[in-house]
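S.K.: Next comes the sequence, and after it the predicted model I'd like to discuss.
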Amino acid sequence: MVTETSSREIRTVVSGMSFTECPRWHDDRLWFVDFYTHVVCSVAEDGTDLRTEAEVPKQPSGLGWLPDGRLLVVSMKDRRVLRREADGSLVTHADVSEHVTGHPNDMVIDEQGRGWLGSFGFDLMGGADVTTAGLLRIDPDGTVTRVAEDLWFPNGSVLTPDGGTLLVDETFGNRVSAFDVDADGSLGPRRDWAVFGKPPTARGLQDALAQLKVAPDGCGLDADGCLWVADALGGRALRVREGGEIVDEVAPGSGVFACMLGGADGRTLFLCCAPDFDEHARSSAREAQIRAVRVDVPHAGRP
């Protein structure tokens, strides 16, 4: 049964952004990217002390940190993963241009500094037909390895607390997939973790979108093993148990494209909100927000 959320207070943390994505709680601050102003930002839990941490002219996306504390950020439009050095400069950590079709997007970094990176697979903003994509592993030295195939827009990803399972949202697949992670970073076979409907049979973008029951985008894991999933078409964040049961829902009254648990006690659910995901509309407006709501079960796993 889905929990009633109407009595919960949903507060605004940040406003006046273009399109926020990839929220991460790190060093007692919320980090996130703003796609169309091309910045990585951080902010205090209460919304004060907003800082620009890095500028990524080719559009930032997924965030993570190496064991030594250096920031990694995906640069979407030139298909690179960048690394911020101690002096603040950004250098190429990995060039993934030969390994992706469409923009690289979200990623998760493990405690060893290995990253798993998804990609669109097709020209979403150009309205191209939907095709599947692979999943990449980026090793700490920047080596790129393709570790999974035939995923429907692999997007937000998390690692379980033991590092042994990788969960990947497939935005166009109506599902969340799971992979066992071997000690060397290779992945076992894909399996269903949560299924909301069948993968699309249509390839035309609008027809494929119409076949989605849930479009899982960004996500975050909690200490009970449930996954908070942003439904990119449903204007909500869903708390999902393994097997696909939806046990909680937060609907802030706008589109929700990413979410993450954080805050001082790990019980603040941060929501990246915007009216839609249209690149032209969002790049020309400043209507995006990060909102927050309190939940009962704290954060777990990575990011």
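M.R.: Nice, I can see it.

S.K.: mind showing which ranges of the stretch 1-150 of the chain have poor pLDDT?
M.R.: 1-7 (pLDDT under 70).

S.K.: Tell me where it has strands.
M.R.: Per DSSP state E, counting those that start in this stretch, the stretch 1-150 of the chain carries strands over the ranges 10-17, 20-26, 29-34, 39-43, 51-55, 60-65, 71-75, 80-84, 90-95, 104-109, 115-119, 133-138, 144-151.

S.K.: For the ones you listed, give me CSV that also has mean neighbour count.
M.R.: All C-beta spots, glycine's among them, are computed from the backbone N, C-alpha and C. Shown next, in CSV, are those (neighbours: other C-beta atoms under 10 Å):
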stretch, mean neighbour count
strand 10-17, 17
strand 20-26, 24
strand 29-34, 24
strand 39-43, 20
strand 51-55, 14
strand 60-65, 25
strand 71-75, 25
strand 80-84, 21
strand 90-95, 17
strand 104-109, 27
strand 115-119, 28
strand 133-138, 23
strand 144-151, 16
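
S.K.: Mind checking these for the one nearest to residue 289?
M.R.: Smallest distance to residue 289 across these (C-beta to C-beta): 4.7 Å, for strand 10-17.

S.K.: Render the CA-only coordinates of that closest one in CSV, please.
M.R.: Only the C-alpha atoms of strand 10-17 are listed here, as CSV (Å, rounded to 0.1, in the frame of the first residue of the first chain):
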residue,chain,number,x,y,z
ILE,A,10,7.8,19.8,1.0
ARG,A,11,10.1,22.8,1.2
THR,A,12,12.2,24.5,-1.5
VAL,A,13,16.0,24.3,-1.0
VAL,A,14,17.2,26.0,-4.3
SER,A,15,15.2,27.8,-7.0
GLY,A,16,16.0,29.8,-10.1
MET,A,17,17.9,27.0,-11.9
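
S.K.: Return the list of strands paired to it, each annotated with direction.
M.R.: strand 288-294 (antiparallel) (DSSP bridges).

S.K.: and stretch 105-117, how far out from the chain's middle?
M.R.: Stretch 105-117 sits 11 Å away from the centroid of its parent chain (C-alpha atoms, centre = their mean, to the nearest Å).

S.K.: Pull it out as CSV, backbone CA atoms only.
M.R.: Only the C-alpha atoms of stretch 105-117 are listed here, as CSV (Å, rounded to 0.1, in the frame of the first residue of the first chain):
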residue,chain,number,x,y,z
ASN,A,105,24.7,10.8,-18.2
ASP,A,106,24.5,9.5,-14.6
MET,A,107,27.1,7.4,-12.8
VAL,A,108,27.9,5.9,-9.4
ILE,A,109,31.5,5.6,-8.0
ASP,A,110,32.5,2.8,-5.6
GLU,A,111,34.9,3.0,-2.6
GLN,A,112,37.8,2.0,-4.9
GLY,A,113,37.1,4.8,-7.3
ARG,A,114,35.5,2.7,-10.0
GLY,A,115,32.6,4.2,-11.8
TRP,A,116,29.6,2.8,-13.7
LEU,A,117,28.3,5.1,-16.3
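
S.K.: May I have the distance across stretch 18-29, first residue to last?
M.R.: 20 Å (C-alpha to C-alpha, to the nearest Å).

S.K.: Now stretch 181-196: buried residues?
M.R.: With burial defined by 16 or more other C-beta atoms under 10 Å, the residues of stretch 181-196 counted as buried are 181, 185, 187, 190, 193, 194, 195, 196.

S.K.: Since that was my last question, I'll sign off now.
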